[in-house]
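Trainee: Based on what follows, work out the 3D shape:
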Amino acid sequence: MSNVVGMNDFIGLASGNSYCWLCQKPVSTRALFCPVCGTIQPVRDIDHFARLGIECRLDIDMDNLEKQYTTLGCMLAEERFLIRGIGERGHAAKQREALKDAYETLREPLRRGRYWLQINEKEAEETADSNPLVAELRRELLDAADPLRCDRVAQRAGQALEQGVMILMQALRGGNWAEANKTLSQIDGVESVLSEVRERRSDLTMQARE
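Mentor: Sure, this is the predicted structure:
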């Protein structure tokens with residue numbers, strides 16, 4: 001059964017245990033506007049799925065995500081609050097920020113995977129430095145004496161990153177939290193290596209020009 005949220009919930013028509021900051025009337029926790037006085041509400045602590053009004057699942061409907069983000073973005077457009085008080089303009093700005101963060105987190109598979117672990121409280125401490133692949137990539141980078149060899153390390157790291165994201169999503173779909181955390185640790189290490197590659201390549205390029 002779908003739990004996609006309709007627009008009525010965002011204008012406060014649903015019952016809830018939150019209250020309008022201005023008129024103190026009950027509003028839905030996910031409401032953007034008070035149904036009584038029409039005032040925009042402050043950002044409340046809800047998950048990204050609820051904020052965007054989409055079904056809470058790992059594999060999301062991207063078209064629906066885009067549609068919800070566009071619709072809610074129009075409701076929160078800055079020009080709609082130009083003649084409002086400073087309090088409402090402030091709440092609107094924070095709502096836009098929270099909406100953008102939710103959207104950018106859910107549209108990108110790796111960020112969505114990290115978030116899925118977080119909201120399911122399945123995060124674990126993993127050490128990227130102990131990962132064999134990460135250690136091997138770092139050794140290759142240490143031995144890289146020219147930009148071309150750096151590029152080869154970057155290519156291999158990029159492929160490992162893509163494969164890691166696929167493995168991560170598969171583990172999350174199967175509820176294999178240990179494998180997901182292990183893979184995420186490797187991904188973190190690979191991303192760190194890619195950053196180190198850029199720095200080393202830049203240094204070697206500068207040295208070659210001197």
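Trainee: give me the element the residue nearest to Tyr103 when sequence neighbours are not counted is part of.
Mentor: Nearest residue to Tyr103 in three dimensions, chain neighbours excluded: Tyr69, at 4.6 Å (C-beta to C-beta, 6 or more residues apart in numbering). Heads up, the C-betas are built off the backbone N, CA and C, glycines and all. Secondary-structure assignment from DSSP states H and E places Tyr69 in helix 62-75.
Trainee: for that helix, which positions count as buried?
Mentor: Of all the residues in helix 62-75, those buried under the rule 16 or more other C-beta atoms under 10 Å are Leu65, Gln68, Tyr69, Leu72, Met75.
Trainee: just checking, what packs against the longest helix seen in the chain?
Mentor: Ordering each helix of the chain by length in residues (DSSP state H) puts helix 177-209 first. Contact here means 3 or more C-beta pairs under 8 Å, 6 or more residues apart in numbering; DSSP states H and E; on that basis helix 177-209 packs against helix 109-119, helix 132-143, helix 147-173.
Trainee: How about that helix, which residues are buried there?
Mentor: 177, 180-194, 196-197, 200-201, 204.
Trainee: just how off-centre is it within its chain?
Mentor: 20 Å (C-alpha atoms, centre = their mean, to the nearest Å).
Trainee: Check stretch 66-75 too.
Mentor: 17 Å.
Trainee: Equivalent analysis for stretch 38-58, please.
Mentor: Taking the mean of its C-alpha atoms, stretch 38-58 sits 14 Å from the chain's own mean (C-alpha atoms, centre = their mean).
Trainee: circling back to that earlier point, of the buried residues of helix 62-75, just say which sits nearest to Arg111.
Mentor: Within the buried residues of helix 62-75, proximity to Arg111 (C-beta to C-beta) peaks at Leu65, which comes in at 12.9 Å.
Trainee: Just to check, that closest one is in contact with Glu108?
Mentor: No: using C-beta atoms under 8 Å, Leu65 makes no contact with Glu108, being 11.0 Å away.
Trainee: Dump the buried residues of helix 62-75 to JSON lines, plus distance to Cys23.
Mentor: Formatted as JSON lines, these follow (distance: C-beta to C-beta, whole Å):
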{"residue": "Leu65", "distance to Cys23": "32"}
{"residue": "Gln68", "distance to Cys23": "27"}
{"residue": "Tyr69", "distance to Cys23": "29"}
{"residue": "Leu72", "distance to Cys23": "23"}
{"residue": "Met75", "distance to Cys23": "19"}
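Trainee: how about these in CSV, adding pLDDT and distance to Lys25?
Mentor: Putting the buried residues of helix 62-75 into CSV (pLDDT from 0 to 100; distance: C-beta to C-beta, whole Å) gives the following:
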residue, pLDDT, distance to Lys25
Leu65, 98, 31
Gln68, 97, 26
Tyr69, 98, 28
Leu72, 97, 22
Met75, 96, 20
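Trainee: Closest one of the residues you listed to Gly113?
Mentor: The nearest one, if we look at those relative to Gly113 and count by C-beta to C-beta, is Leu65, at 15.4 Å.
Trainee: Which residue is the nearest non-sequential neighbour of Cys20?
Mentor: With C-beta to C-beta, 6+ apart as the criterion, Cys20 has its nearest non-adjacent residue at 3.9 Å, and that residue is Cys34.
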